[in-house]
Structure formats: C-alpha cells, structure tokens
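K.L.:
I'd like to go over a predicted model; first the sequence, then the structure.
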Amino acid sequence: MQRILIATDGSDHAEKVLDKGLILAEALGAQVMIVTVVGEYIFSPRISVQFSDDNWKQINQHLKEEAEQLVANAAKPFRGKGISVETKVVMGHKAPADAICEVASEGNFDLIVVGSRGLRGVTEMFLGSVSNKVAHLGCTSVMIVK
C-alpha cells in the first residue's frame with residue numbers, strides 16, 4: 001500500500017494541496033498523514049521582558065491547539081471517503097522543509113504532497129522556499145501542487 005504525506009500550513013493555497021492529495025489517495029487506496037509544522041517561541045530576556053516563561057508556554061500551547069484543529073479539519077474529507085488518515089503537528093525550531101522530510105523518512109512515505117507557496121510570504125523566483133527545499137532534500141518523491 002502507498003503512503004502519502006500531505007503538508008499543509010492552513011493557507012488558501014493549501015486547500016488545493018489537500019484536494020489533490022485526496023484525489024490521489026482515493027485513486028491509489030493510499031494511507032495518508034497530514035502534517036503541519038509550527039515554530040515554537042521561547043523565552044528570551046533580551047527579546048521580550050514583557051512576557052514570562054509561563055506566557056510563552058501559553059502562547060505555544062495555543063499555537064499547538066490551533067495546529068491540531070487545522071490538521072483535524074483537513075482530515076475530515078479523507079475520513080469521509082473511507083481513507084486511512086493520521087494527523088501530526090510538528091512543533092519546534094526546525095525549518096518546515098527539514099521537519100517535513102524527517103517525518104517522511106521516519107514514516108517510510110512514498111510521496112510528499114506540498115504546495116508551491118504558502119503562508120510564509122517568502123518565495124523564490126518560481127517555487128516556494130519550503131516546496132523547493134523539500135524537493136531538493138531528496139527524502140522521497142515529491143508532488144508540488146500549483
């Protein structure tokens with residue numbers, strides 16, 4: 001059975017990624033994991049004296065809860081079609097592309113489906129920086145959705 005990793009960031013463009021992933025998973029009878037990567041904030045007295053360590057923990061908890069809701073909502077159409085789907089939120093300080101490839105390698109995924117652009121707002125000439133890096137890391141096959 002094929003295993004497909006679908007990366008989403010909650011952007012409008014990510015809806016296209018999820019739609020293409022759903023079509024592909026249904027056609028192949030593939031298992032799916034939907035992943036999102038969230039940067040974690042840490043307390044630093046040099047950066048912000050207004051927030052305590054507890055405040056940062058609350059902010060990170062809120063970000064994690066939002067991300068969990070994002071992937072849970074993204075999984076609903078897959079479950080509605082009877083497709084086996086898992087969700088994963090990766091929090092930390094890794095670049096999104098590195099985290100996506102790490103999940104893909106650890107889970108022995110056959111394909112990563114990722115968007116050509118997303119929320120980051122930083123794009124390279126023709127391809128988003130995350131999708132470009134995922135494609136070049138070579139962790140597995142990559143489908144880039146425009």
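P.N.:
On my side now, so go ahead. Remember, predicted model here, so these are calculated numbers, not experimental data. Numbers count the residues shown, from 1 in each chain.

K.L.:
Give me the most central residue, this structure.
P.N.:
residue 36 (2.7 Å; CA atoms, centre = their mean).

K.L.:
for the lengthiest helix in the chain, packing partners?
P.N.:
Ordering each helix of the chain by length in residues (DSSP state H) puts helix 53-80 first. The contact analysis (3 or more CB pairs under 8 Å, 6 or more residues apart in numbering; DSSP states H and E) places helix 53-80 against helix 12-28, strand 31-39, strand 85-92. (C-beta placed from N, C-alpha, C; glycine too.)

K.L.:
what's the angle from the shortest one to helix 53-80?
P.N.:
Orientation of strand 85-92 against helix 53-80 (axes from the mean of the first three to the mean of the last three CA atoms, to 10 degrees) gives an angle of 160 degrees.

K.L.:
try the second one
P.N.:
Taking the same axes, to 10 degrees, strand 31-39 and helix 53-80 form an angle of 160 degrees between their directions.

K.L.:
got the buried residues for strand 31-39?
P.N.:
By 16 or more other CB atoms under 10 Å, the buried positions in strand 31-39 come out as 31-38.

K.L.:
now the last one
P.N.:
If you call a residue buried by 16+ other CB under 10 Å, then strand 85-92 has these buried ones: 85, 87-91.

K.L.:
Just give me the neighbour total for residue 62.
P.N.:
10 (other CB atoms under 10 Å).

K.L.:
Can you tell me how far it is from residue 73?
P.N.:
17 Å (CB to CB, to the nearest Å).

K.L.:
surely residue 115 meets residue 16?
P.N.:
Yes - counting by CB atoms under 8 Å, residue 115 does reach residue 16; the two are 6.7 Å apart.

K.L.:
Now the common contact residues for these two.
P.N.:
Counting by CB atoms under 8 Å, 6 or more residues apart in numbering, the residues touching both residue 115 and residue 16 are residue 145.

K.L.:
Go ahead and confirm residue 29 touches residue 81.
P.N.:
No - applying CB under 8 Å as the test, residue 29 and residue 81 come out as separate, 10.8 Å apart.

K.L.:
Kindly state the beta-bridge partners for the residue lying closest to residue 100 once chain neighbours are set aside.
P.N.:
Leaving out its chain neighbours, the residue that sits closest to residue 100 by CB to CB, 6 or more residues apart in numbering is residue 7, at 5.0 Å. Per DSSP bridges, the residues bridged to residue 7 are residue 35.
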